[in-house]
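Participant: Let's see this in three dimensions:
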Amino acid sequence: MKTKIVLVMLGGVVAWLAYTRLSSRHPVQQQQPPPPPSIRAAMHGIIQQVQACYEHDANVPAELAITATLDVSRDADLGTRVDAAVHTDDGSPLSHEFASCMRATLETLALPAPEHAFHVTYPFEFRRAGM
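Facilitator: Below you'll find the model as predicted:
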């Protein structure tokens, strides 16, 4: 298993991004995910929206650790389909507004269409400025 961690700092928000290759949905025909630079570039393209999800919801704690899970597959109409889910690392509930915003944002990731579906996890740590 390979993990690459990137620290992104934007306007007082710190997001830890980790790329981890996990088992494919099709274990017999495993497909390598796009190279980490493709995933990092795609994530870089939406990091401001991720930051906005965090900053625009007053119900989100000043410090928050979440994990996003992405199921990436080929779609005949879209090319690449990304289904996202987010949850807190400590099991506490997320506000509906924040979770919906994060899912919607992550599902806009622009990735090359894979031959086979795969699963990626990204941990995020958010902190308000001055924390």
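Participant: Where does the prediction get shaky in the chain?
Facilitator: 1-37, 130-131 (pLDDT under 70).
Participant: Please, where are all the strands along it?
Facilitator: 3-10, 13-20, 63-75, 79-88, 118-127 (DSSP state E).
Participant: what angle do the longest helix seen in the chain and strand 118-127 make?
Facilitator: Ranked by number of residues, the top helix in the chain under DSSP state H is helix 36-55. If you take axes from the mean of the first three to the mean of the last three CA atoms, to 10 degrees, helix 36-55 sits at 40 degrees to strand 118-127.
Participant: bridging residues for residue 120?
Facilitator: For residue 120, the beta-bridge partners are residue 21, residue 70 (DSSP bridges).
Participant: can you count the residues close to it?
Facilitator: Residues lying near residue 120 (other CB atoms under 10 Å) number 21. No exception for glycine: its C-beta is placed from N, CA and C like everyone else's.
Participant: cool, and residue 95?
Facilitator: As a burial measure, residue 95 scores 13 neighbours (other CB under 10 Å).
Participant: Next one: it from residue 62, what distance?
Facilitator: Per CB to CB, to the nearest Å, residue 95 is found 14 Å from residue 62.
Participant: what residues are shared contacts of these two?
Facilitator: With CB atoms under 8 Å, 6 or more residues apart in numbering applied, the contact sets of residue 95 and residue 62 do not overlap.
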